[in-house]
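Peer 1: sequence-free structure coming up:
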C-alpha cells in the first residue's frame, strides 16, 4: 500500500510529512499483546511477524514482507488492547504513521480509504484460509500449500517460526521436510 501512496504524486505531496522512517533490529517488538496499537508500519525492507502467547507457547499468526502494511487491526481501529505481538524477524526498515494522522488521511482522501479497505478484506481472506486450513488439513498438506502459495516464507523464515505458523512442532516440520 505504501508504494501505491507514493505513486499517487498528487496526494503524496500532501501527506508525506505524516510518515516517519525507522530502522529496527532483529527481534524488536513493535507492539506487545495488551497494548493499544497507535501505529501502522509499512515495510520497506525486512520481515515482521504477528504472534501471540498461548499458555507460554509462541504461536505465529502471520508474516509480513516488503511493501506490506502491518498493525493489529482490531486494536488500531477500535482502540482496544492488542491480542498480538508484532516483532521483527530480520533487521528491517519501516515507514510508520500514527493513528491520528492516518485518520486524517482517510477522511481527506476517499481513494486511499478505498485502497486500505481492499487490504483489510485481503487480510480477512488470509485469516479465513489459515483458520480453515488448521481445521481441515493435515500438517503435510499445510506445508505443501505454504510452499506453493508463499515460497518466500520457506526461504526467509527460521524453521521454528514456520512450525509455529503451521501449528506443529519443529521436529514434525523437520520430518515433513525430510520426506520431500
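Peer 2: Cool, got the structure. Predicted model only: the values in this text are computed from it and were never measured.
Peer 1: now the spatially most central residue of the chain: phi and psi?
Peer 2: The residue lying closest to the centre of the chain (C-alpha atoms, centre = their mean) is residue 64, at 4.0 Å. When read as degrees, to the nearest 10, the backbone of residue 64 gives phi -130, psi 130.
Peer 1: that one and residue 172: what is the separation?
Peer 2: To residue 172, residue 64 is 25 Å away according to C-beta to C-beta, to the nearest Å. From N, CA and C alone the C-beta is placed, and that goes for glycine too.
Peer 1: re the thing from before, okay but the residue nearest to the centre of the chain is in contact with residue 46, surely?
Peer 2: No - using C-beta atoms under 8 Å, residue 64 makes no contact with residue 46, being 9.1 Å away.
Peer 1: ok, the residue nearest to the centre of the chain - contacts?
Peer 2: 43, 47, 48, 49, 50, 70 (C-beta atoms under 8 Å, 6 or more residues apart in numbering).
Peer 1: tell me the SS of residue 146?
Peer 2: Here residue 146 is helix, with the state taken from DSSP: H, G, I helix; E, B strand; the rest coil.
Peer 1: contacts only, for it.
Peer 2: Residue 146 sits in contact with 153, 154, 162, 165, 166, where contact means C-beta under 8 Å, 6+ apart.
Peer 1: again, 10 Å this time
Peer 2: Neighbouring residues of residue 146 by C-beta atoms under 10 Å, 6 or more residues apart in numbering: 133, 153, 154, 157, 162, 165, 166.
Peer 1: same question for residue 39.
Peer 2: Residue 39 neighbours (C-beta under 10 Å, 6+ apart): 20, 22, 30-31, 70-72, 76, 86, 94, 96-99, 101-102.
Peer 1: how about residue 49?
Peer 2: The neighbours of residue 49, taking C-beta under 10 Å, 6+ apart as the test, are 58, 60-64, 70, 84-89, 153, 157, 161, 164-165.
Peer 1: and the closest residue in space to residue 51 that isn't next to it in sequence, helix, strand or coil?
Peer 2: Nearest non-adjacent residue to residue 51, counting by C-beta to C-beta, 6 or more residues apart in numbering: residue 60, 4.6 Å away. Following three-state DSSP, we place residue 60 in the strand state.
Peer 1: show me where this protein has its strands.
Peer 2: In the chain, the strands defined using DSSP state E lie at 20-24, 29-31, 39-45, 48-54, 57-64, 69-70, 85-88, 92-98.
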